[in-house]
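S.K.: need the 3D shape of this:
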Amino acid sequence: MPKVTYTDHTGESRIVEANVGDSVMETAVRSGVPGIVAECGGSLSCATCHVYVDEAGLASLPPRAEMEDEMLWGTAEDRRDNSRLSCQLRVTDGCDLRVTTPATQV
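M.R.: As a prediction, this is how the structure comes out:
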C-alpha cells in the first residue's frame with residue numbers, strides 16, 4: 001500500500017497509508033493530519049490544502065494544470081517551485097510521497 005509522509009512546518013512527521021486513487025488531501029483529512037484545512041473539499045476552489053512536495057517526488061507527479069497553477073497564487077504562505085494543492089495529487093500504486101505543510105493555510 002502506498003504511503004504519504006506529511007511533515008509539518010516544525011519538522012514533525014506522520015506516515016499514513018493511502019488508498020490508490022485517493023488524493024493526498026483526502027488521505028490527510030481521513031487520517032486527521034493537521035495542517036490540511038481543505039475548506040472546499042477538493043473541488044479546486046480554494047488553496048487551503050497547499051503543500052510543498054519533496055523535490056525527489058516531483059518528477060513522479062503530473063505537471064500542474066492551469067487552474068491549480070492559478071489557485072497557488074492565492075496561498076496563505078509563499079508559493080514555491082514545489083508548491084502543489086494536495087487535492088490535485090492522486091496516490092498511485094508504488095508511489096510514496098513526502099509533503100510538507102506550511103505554517104498556515106488561512
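
S.K.: and stretch 46-65, how far from the chain's centre?
M.R.: 6 Å (Cα atoms, centre = their mean, to the nearest Å).

S.K.: for stretch 30-47, same thing?
M.R.: With Cα atoms, centre = their mean, you get 9 Å for stretch 30-47.

S.K.: stretch 27-47 now?
M.R.: 9 Å.

S.K.: tell me the spacing between the residue lying closest to Trp73 once chain neighbours are set aside and Pro2.
M.R.: In this structure, Trp73 finds its nearest non-sequential neighbour in Arg79, 6.4 Å apart by Cβ to Cβ, 6 or more residues apart in numbering. Quick note: C-beta positions are derived from backbone N, CA and C, even for glycine. The spacing between Arg79 and Pro2, counted by Cβ to Cβ, to the nearest Å, is 26 Å.

S.K.: the residue nearest to Trp73 in helix, strand or coil?
M.R.: Under the three-state scheme (DSSP: H, G, I helix; E, B strand; the rest coil), Arg79 adopts coil.

S.K.: pLDDT score for it?
M.R.: Arg79 is assigned a pLDDT of 97 by the prediction.

S.K.: pretty sure it is touching Met71, no?
M.R.: No. In this structure, Arg79 is not within contact of Met71 by Cβ atoms under 8 Å, at 9.9 Å.

S.K.: sorry, back to before: from Asp54, how far off is the residue nearest to Trp73?
M.R.: 16 Å.

S.K.: what of Gly32?
M.R.: Counting by Cβ to Cβ, the gap from Gly32 to Asp54 is 21 Å.

S.K.: which residues in this protein form helices?
M.R.: 24-30, 55-58, 66-71 (DSSP state H).

S.K.: name the helices or strands packed onto the helix or strand of the chain with the lowest mean pLDDT?
M.R.: Sorting the helices and strands of the chain by mean pLDDT, DSSP states H and E puts helix 55-58 at the bottom, at a mean of 92. Contact analysis of helix 55-58 by 3 or more Cβ pairs under 8 Å, 6 or more residues apart in numbering; DSSP states H and E lists strand 97-100 as its packing neighbours.
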